[in-house]
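> I'd like to go over a predicted model; first the sequence, then the structure.
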Amino acid sequence: MIETKNLSKSFKDIKAVRDVSFRIPTNSITTIAGADGSGKSTIFKMLMGLIKKDAGSIYLKNEDIGSDFNQITRLTGYMPERFSLYPDLRVEENLNFYADIHQVPRSRREKLKQRLLETTGMIQFKNRRARALSGGMKQKLALSSILLSAPELVLLDEPTTGVDPLSRIEFSNIIKDLKQEGKTIFISTPYLDEAENSDHIIFLKEGKIIKKGPMKTIRKQFPARIFSVLPRGNIYEIMDQMHRHPDLKNSIYIRGKFIKYIQVSSKNHLDLLPAISVKEESPKLEDIFLYYERQSTINPEGLHASTD
């Protein structure tokens, strides 16, 4: 549906987005994942024409939009990182306000509002003022507001930042339901677990794509093995020692009480780790991201993002 080619943006000396090319397929969930400051929000704002790109092209349905961003905005529901609700208005009043903005015909407004309130579990809170909602409920209200226009494309910029774990799960289920309804969803997140159910993934680091592609392909072609090690001794002291070892310093990280070890070559260095137990695991998306993130640091010119 949307494609970018060589998209770039700088703010004075800061290169926020560097030569970014990707495709958002129709009727799919595409997630762009990266740390804070990696350029995710800047990409979203360029797609919506909110900030001017320095270089590159944006295509909608294979047509270069040039400077006519109305082509995108008229079919897009965009939820920025900080979506503005009116705190003194009730939930239903906020929806009515955004329905007026989107020029939703009154003949279908009530039915659409009811369906959105039921889908998001907000029906019992429709008379509650927005300022009294939890973080998760505010985000669900924000999502309902942008869905009033029945957009084909839904852009969600870090929609669950600061939201409790249960609300994050509920929000994820709503996103999957939107895909079933035929929507195309593009979502950014710093939380790798949220991207597990995506159809396509883009890993972003310091404004540059370090890996991208269909989720199934990324998993199938992952070239490393992942081991979970329960260490014998103080985990932080062990990590400090192992970070001085050339064969381990870029291959280990802490997760809870375990040391995760990424075996990136045919030779296994597990014998260097003092361990109570060792277990090989299927790689999670977080493991896959860390592998490519570290490879891009070790060999920035030799790692290339895959094509869609």
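Structure received. Numbers count the residues shown, from 1 in each chain.
> So the chain: which segments form each domain?
Domain assignment for the chain by automatic domain parsing gives 2-216, 225-282.
> Most tightly packed of those?
Of the domains of the chain, the one with the most neighbours on average (mean count of other CB atoms under 10 Å) is domain 2-216, at a mean of 18. (C-beta placed from N, C-alpha, C; glycine too.)
> can you map out the helices along the stretch 51-200 of the chain?
70-73, 91-101, 106-119, 135-147, 165-180 (DSSP state H, counting those that start in this stretch).
> Now mean pLDDT and distance to Gln263 too, for those, in JSON lines please.
Below are the helices of the stretch 51-200 of the chain laid out as JSON lines (pLDDT from 0 to 100; distance: least, CB to CB, whole Å):
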{"stretch": "helix 70-73", "mean pLDDT": "90", "distance to Gln263": "43"}
{"stretch": "helix 91-101", "mean pLDDT": "91", "distance to Gln263": "51"}
{"stretch": "helix 106-119", "mean pLDDT": "87", "distance to Gln263": "44"}
{"stretch": "helix 135-147", "mean pLDDT": "89", "distance to Gln263": "39"}
{"stretch": "helix 165-180", "mean pLDDT": "86", "distance to Gln263": "31"}
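> Make CSV from those and add distance to Ser266 to it.
Below are these laid out as CSV (distance: least, CB to CB, whole Å):
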stretch, distance to Ser266
helix 70-73, 47
helix 91-101, 57
helix 106-119, 50
helix 135-147, 46
helix 165-180, 37
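> how about those, which one is nearest Ser21?
helix 70-73 (17.1 Å; CB to CB).
> Let me have the domains of the chain in TSV, extended by distance to Tyr291.
Below are those laid out as TSV (distance: least, CB to CB, whole Å):
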stretch	distance to Tyr291
domain 2-216	9
domain 225-282	6
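> Quick one: closest of those domains to Tyr292.
domain 2-216 (4.3 Å).
> Of the helices of the stretch 51-200 of the chain, which is nearest Phe258?
helix 165-180 (20.4 Å).
> and that closest one with helix 135-147, angle?
Helix 165-180 and helix 135-147 are oriented at 20 degrees to each other (axes from the mean of the first three to the mean of the last three CA atoms, to 10 degrees).
> Would you mind pulling the contact partners of helix 165-180?
27-29, 119-121, 134-137, 139-140, 143, 147, 154, 156, 159-160, 163, 185, 187, 191, 194, 197 (CB atoms under 8 Å, 6 or more residues apart in numbering).
> re the thing from before, out of the helices of the stretch 51-200 of the chain, the one nearest Ile14 is which?
helix 70-73 (25.3 Å).
> do you know which of the domains of the chain lies nearest Arg294?
Across these, closest to Arg294 is domain 225-282 (CB to CB), at 5.2 Å.
> From the chain's centroid, how far away is the closest one?
Distance of domain 225-282 from the chain centroid (CA atoms, centre = their mean, to the nearest Å) equals 28 Å.
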